[in-house]
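>>> Fold the stuff below for me.
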Amino acid sequence: MDIAALSTYMSMSRLQNDIGFAVLNKAMDTMEVTGEGIQKILEASVTPELGQNIDILI
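Got it, this is the predicted structure:
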């Protein structure tokens, strides 16, 4: 393999790695925002007094 082809191959490999890391970082950011949103929804829907008392008549 000549020097020019090796240089091109290494450059393309580095570019693919950089793109992969950028996509991974974006996915992680998206998941963090989604997780925070789900946490807020769950906290808002919690009613601690619900289900504490049961009225049963026989």
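>>> Strands along the protein, start to end?
With strands called from DSSP state E, the chain shows none.
>>> what residue lies at the spatial centre of this structure?
Nearest to the mean C-alpha position of the chain, by Cα atoms, centre = their mean, lies Met31 at 2.3 Å.
>>> Flag the shaky bits of the protein, pLDDT-wise.
1, 48, 51 (pLDDT under 70).
>>> so where do the helices sit in it?
3-45 (DSSP state H).
>>> Please report the distance of the residue nearest to the centre of the chain from Asp18.
Separation of Met31 from Asp18 (Cβ to Cβ, to the nearest Å) stands at 21 Å. In this view, the C-beta of every residue, glycine as well, is placed from N, C-alpha and C.
>>> count of neighbours near Gly37?
10 (other Cβ atoms under 10 Å).
>>> What residues does Ile3 make contact with?
By Cβ atoms under 8 Å, 6 or more residues apart in numbering, Ile3 lies in contact with nothing.
>>> Relative to Tyr9, how far out is it?
Counting by Cβ to Cβ, the gap from Ile3 to Tyr9 is 11 Å.
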